[in-house]
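S.K.: what would the 3D arrangement of this be:
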Amino acid sequence: MTNIPEKPSLDGIEARWMQRWDADGTYRFDRNASREQVFAIDTPPPTVSGSLHIGHVFSFTHTDLVARYQRMAGKHVFYPIGWDDNGLATERRVQNVTGVRCDPSLPYVEGYQPPYRGDVPKDHRATPIGRANFVELCHDITAHDEQQFEALFRRLGLSVDWSLVYTTIGERARRVSQRAFLRNLAAGHAYQQDAPTLWDIDERTAVAQAEMEDREVAGAYHKIAFHRLDAGGAPTGEALLIDTTRPELLPSCVALVAHPNDERYQPLFGHTVRTPLFEVDVPVVAHHLAEPDKGTGIAMICTFGDVTDVTWWRELDLPSRALIGFDGRFAAETPDWITTAAGGEAYQQLAGLNPKQAQKKVVELLAASGEMLGEPRPITHPVKFYERGHRALEIVATRQWYIRNGGRDEALRDELVARGNELIWHPPYMQARYSDWVNGLKGDWLISRQRFFGVPIPVWYRLDAEGNPLYDDVLVPTEADLPVDPSTDCPAGFTEAQRGQPRGFVGDPDVMDTWATSSLTPHIAGDWEAPDGNDLFQRVFPMDMRPQAHDIIRTWLFATMVRSHHEHGGVPWRNAAISGFILDPDRKKLSKSKGNATTTPIDLLEQHGTDAVRYWAANGRPGVDTIYDEGQMKVGRKLATKLLNATKFVLGIGDDPGDAGITEPVDRAMLARLDTVVADATAAFEEFDYTRALERTEAFFWWFCDDYVELVKGRAYRDTGAADVLSARAALRAALHVVHRLFAPFLPFVTDEVWSWWQQGSVHNQAWPTPAGTWADASMLDPVSEVLAVIRRSKTEAKLSQKAIVSLAAVSGPADVLAQVRSAEGDLRDVGSVREMQFTEGTELTTSVTLAPVDAL
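M.R.: Have a look, this model is predicted:
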């Protein structure tokens, strides 16, 4: 029984099927399934900081293709979705749409309403509000954004179980993140340290190595004269010249450094020189990282100008003379290492300035004193920035929390590199990016952030008799008490009245880096050690698939590997499926900031239809950057439309043949070819090569429509119950039954639409097709198609209708090939309007066509 619409259309099918899938629970996960029956996906939670872009459509479609295949292949697919809604990106979003900023010193205001919601004037100065009010606004804004995200992902046809939604700021995420941190702390994997830290002076927060990027910026070399000293410490009148791009750090200079093999400076090693302006004596030291061919070959070590300064400071055991504070300004008081009146006077002209202002002032002073030779020489050079920042990072001394990641432990580094060998990488070459990142680490993972909307570091510190924190006396909650907020909750044995009081306590004010939370997505999604005792985690972990983009291998993938290694002693998933970027026609990455990503995902879905956009995405192979191509989306829509029309055509040919046998050689050969396609598509999907699966399926489908259907439709339409007629009808329907399922992961809306015309239930809950293995050899199809092509081409070249009569089609070729063509002679004569066919043996297949006179038509 069929229910075929009179005029099938793609318009509006998304809304209808989204509602149907939701009502029927089509993609609901069975929590009773055993681990062996489950395929679990560690879905990437997109950052809730505005809107989704076409890259999300691209990569999330790839994940969904695999999920749909695995479900049809018999697995219970655990496919959750999460929103990464904590961290700096969210705070910026809230600031930009409400016109507020957080000031933790301010009290909570009941019923607070921000000055704006959406369009903040450019000249508006942010309104300060207390932390509690700011966090409330963060929850409010992200909840609205998450609704928009869900609507887009539903429209994209993602087959997630929407009952499994989580957020990285939700109670479960806070509980899981704090439990993992406390266990890291107890095991010695987490520690705190007062050390040089890369610092974003605008956001006033520490930044981890994985969050930095190099940007080429304009700068200048300044040639500066240090003063040589004799054995008694008096100036000799000789200058020692250095080149620096950061003359403002002269008051923080702790040494000059040259390469140990540099003969120019070997006589100076162990001697002392005096800094210009500030008159501080510093040693000349040797280190292999000094570059003899850079500048004058000798450099000043300042605390701290860059990460190399940190290395020199640590390895050469130099003093710390950091002057730039958390606010990005030079300290107001003259430091105690500047002891001369002239040096103090010079420093006071820098006090309170930011680095750019200080640099200008130092250059003026050096020029006036004659200690700068020549003019600054312009250059461009790479400078470290926070990936979301606007000003170059500074290095300040702060107390921060770290998790050991192999950056300072060679044995742990080797273990984590080896973990990469336990994963199956798709594509395999992406493993090198992981290994290179781990081997290149310079320090442990800094996880604390001086922000507001995040998971709190779950510790307090005991205060001494003078009210100073005893950082070595860490107070921790029990796991049963999680989640906690040390800014409002009290440690066991204390009362709120003791907060901030001598011999009382103080809560750690920091929150975790957002990667420290999202590194636990398998645990959050799987409800690790849930309070209600459910065993979901045991049914899904380790997960089967981590899908993600290649640019966050160094962050999300590696961070998750670190957490799983520490907690479970193993990998968190079996497969890493890596997507590429979307590029514009000039092969530049699509980006809003570059102005080449102006079309929104919803615009594309409405213009071309979801299945068409998914078709374009599916043509992007794992790990390969893909051109943004609306032309390919148009091809996808054409394919979906063809599936509608071909299905209607096939189902409209006569009555259902029921269990009629498929007896004709060409029908059996077609199904044999389809068997090969099924086998190839299955093998491709098992290797996560969804693009190959689509290519094989699509190629068969167009051949099926253009050649096979045309070839047999005359026979199929005959109004008899003859065996050859029923064979054609049964073969057409058998192929359609398989093709609908092969296309289902790629074109979910149109396949469920056409499936519903003649089958029960959703195509997405059907079994993935398997080769029948009972059909004849498919080799006869190529010569038959070749003969048909010659007949068609002859009519086209003669500018005649394909219904034009062929008086004779003479076919020559090897005997076995002729036998194959002869077995389809009746169908060829029907489709080509051929009156007579002649067969003669020859060395190769050729066809000669004689068209009947036009008046014979």
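
S.K.: regarding this structure, what is its longest strand?
M.R.: Assignment by DSSP state E gives strand 212-229 as the longest strand of the chain.

S.K.: which other helices and strands contact it?
M.R.: strand 235-244, strand 272-274, helix 355-369, strand 372-386 (3 or more Cβ pairs under 8 Å, 6 or more residues apart in numbering; DSSP states H and E). Glycine gets a C-beta too; all of them are placed from N, C-alpha and C.

S.K.: next SSE after the second one?
M.R.: It stands for strand 272-274. Sequence-wise, the next helix or strand downstream of strand 272-274 (DSSP states H and E) is strand 281-286.

S.K.: now swap in the first one and tell me
M.R.: Sequence-wise, the next helix or strand downstream of strand 235-244 (DSSP H and E) is strand 253-258.

S.K.: who does the longest strand of the chain pair up with?
M.R.: Using DSSP bridges, strand 212-229 pairs in its sheet with strand 235-244 (antiparallel), strand 272-274 (antiparallel), strand 372-386 (antiparallel).

S.K.: out of the ones you listed, deepest packed?
M.R.: strand 272-274 (a mean of 21; mean count of other Cβ atoms under 10 Å).

S.K.: among the strands paired with strand 212-229, which comes closest to P114?
M.R.: strand 372-386 (25.6 Å; Cβ to Cβ).

S.K.: and the angle for the closest one with helix 355-369?
M.R.: 170 degrees (axes from the mean of the first three to the mean of the last three Cα atoms, to 10 degrees).

S.K.: strand partners (parallel or antiparallel) of the next helix or strand along the chain from strand 372-386?
M.R.: Using DSSP H and E, the helix or strand that directly follows strand 372-386 along the chain is strand 394-403. Applying DSSP bridges to the sheet, strand 394-403 is found paired with strand 190-200 (antiparallel), strand 445-446 (antiparallel).

S.K.: between the ones you listed, which one is closest to N468.
M.R.: Comparing those under Cβ to Cβ, the one sitting nearest is strand 190-200, at 13.7 Å.

S.K.: any idea which helix or strand comes after the closest one?
M.R.: In N-to-C order, the element after strand 190-200 by DSSP H and E is strand 205-206.

S.K.: run the chain-centre distance for that next one.
M.R.: 23 Å (Cα atoms, centre = their mean, to the nearest Å).

S.K.: and that strand, which strands flank it?
M.R.: Sheet partners assigned to strand 205-206 using DSSP bridges are listed as strand 190-200 (antiparallel).

S.K.: in the strand it pairs with, what's buried?
M.R.: For strand 190-200, the neighbour count (16 or more other Cβ atoms under 10 Å) marks 190, 192, 195-200 as buried.

S.K.: who are the contact partners of V678?
M.R.: Shown in contact with V678 (Cβ atoms under 8 Å, 6 or more residues apart in numbering): 738, 742, 769-771.

S.K.: that one: which element?
M.R.: Using DSSP H and E, V678 falls in helix 665-686.

S.K.: gap between that helix and the chain center?
M.R.: Relative to its chain's centre, helix 665-686 lies at 34 Å (Cα atoms, centre = their mean).

S.K.: could you double-check that D214 lies in contact with Y386?
M.R.: No: if you go by Cβ atoms under 8 Å, D214 and Y386 don't touch, sitting 11.7 Å apart.

S.K.: which residues does stretch 420-439 contact?
M.R.: With Cβ under 8 Å, 6+ apart as the test, stretch 420-439 has contacts from 406, 413, 416-417, 550, 553-554, 557-558, 561, 570-571, 573-578, 621-624, 687-689.

S.K.: now do that stretch: distance from first to last residue.
M.R.: 12 Å (Cα to Cα, to the nearest Å).

S.K.: chain center to it, what's the gap?
M.R.: Distance of stretch 420-439 from the chain centroid (Cα atoms, centre = their mean) equals 15 Å.

S.K.: buried set for it?
M.R.: 420, 423, 425-427, 430-431, 433-434, 437-438.

S.K.: pick the one among those residues closest to N86.
M.R.: Comparing those against N86 with Cβ to Cβ places W437 closest, at 24.0 Å.

S.K.: measure the closest one to H550 for me?
M.R.: 11 Å (Cβ to Cβ, to the nearest Å).

S.K.: after the host helix or strand of R314, which helix or strand is next?
M.R.: For R314, the host element (DSSP H and E) is helix 307-315. Using DSSP H and E, the next helix or strand after helix 307-315 towards the C-terminus is helix 341-348.
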